[in-house]
Each structure stands twice: as structure tokens, then as C-alpha cells.
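> With the input below, show me the fold.
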Amino acid sequence: MGYFQHHVFFCTNQRAAGESCCNDFGATEVHAYAKRRIKELGLSGEGRIRMNKAGCLDRCSQGPVLVVYPEGVWYQYLDQEDVEEIIQEHLVHGRIVERLKI
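Next up, the predicted model:
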């Protein structure tokens, strides 16, 4: 096993005005929410879950996006409720959230 059970990368890229990007959809705030939730649930740290910001993940047209490793599952989300579902279903219970999967 790697250092983390799951490593989650949120695209928080900000492009020049007029160019579509994940941060236009509140990605930085949603990442902060997810990081806080993982800590509240006692799931952060070695052998557990790490939430990271990432620059452009090159899926701008499908944003906002995040990817969960080691599975390599990509998700599109709209809000904190979608991310909470990803946390509960995928990260806690090991079930891929098909409705949000890209």
C-alpha cells in the first residue's frame, strides 16, 4: 500500500478571464470543504485520505473535476453535496458514484 489509501486531487486552476476553468465553479471552496470533512471524520493522515489542490488537470470542459487515486476515478461535481456523496460512497464505503463519474 502507498502512503495514502486514497489521494484526491481537485482541479483549482484559474485561467484568464473568459477561459473556462474549474475555479470559476468554486473549486477552491469545495476543496476546502472536502479537506475539512475528511478531518472531521478522522480520515486524514498517513494510511488514510489526502485531499490536494491541483493545477489544470486538462478536463476544463468537464469541470469542475476531481480524481481519486489509486483507482484513477474521475468525477465531475456541482456542489458540496456532490462531494459529500463522493466522500461517503467512494472514500468511506469503496463504492464508485456512477452518476458523477466522468
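
> State the helix or strand in which the residue most central in space within the chain lies.
In the chain, the residue lying closest to the centroid (CA atoms, centre = their mean) is L66, at 3.7 Å. Assigned by DSSP states H and E, L66 falls within strand 65-69.

> thinking again about what came up before, from memory the residue nearest to the centre of the chain sits against C11, does it?
Yes - assessed by CB atoms under 8 Å, L66 is found in contact with C11 at 7.0 Å. For glycine as for every other residue, the C-beta is placed from the backbone atoms N, C-alpha and C.

> before we move on, back to that, what residues does the residue nearest to the centre of the chain make contact with?
8-11, 74-75, 77, 83, 86 (CB atoms under 8 Å, 6 or more residues apart in numbering).

> Ok, Y3 next?
46-47.

> ok, it to Y69 distance?
For Y3, the distance to Y69 equals 11 Å [CB to CB, to the nearest Å].

> model confidence over the helix or strand hosting I86, on average?
Taking DSSP H and E as the criterion, I86 maps to helix 80-86. If you average the pLDDT over helix 80-86, you get 97.

> Spatially, what comes nearest to T28 if we skip its sequence neighbours?
T12 (4.8 Å; CB to CB, 6 or more residues apart in numbering).

> Same check on H7?
Closest residue to H7 apart from its sequence neighbours, by CB to CB, 6+ apart: Y69 at 4.6 Å.

> before we move on, what about V68?
Spatial nearest neighbour of V68, excluding adjacent residues (CB to CB, 6+ apart): V8 at 5.2 Å.

> again with N52
In space, and not counting its chain neighbours, N52 is closest to F9: 5.1 Å by CB to CB, 6+ apart.

> List the residues that contact the one you found.
F9 touches 52-54, 57, 66-67, 69, counting by CB under 8 Å, 6+ apart.

> Tell me where the chain has strands.
Ranges of strands within the chain are 6-11, 49-54, 65-69, 73-76, based on DSSP state E.
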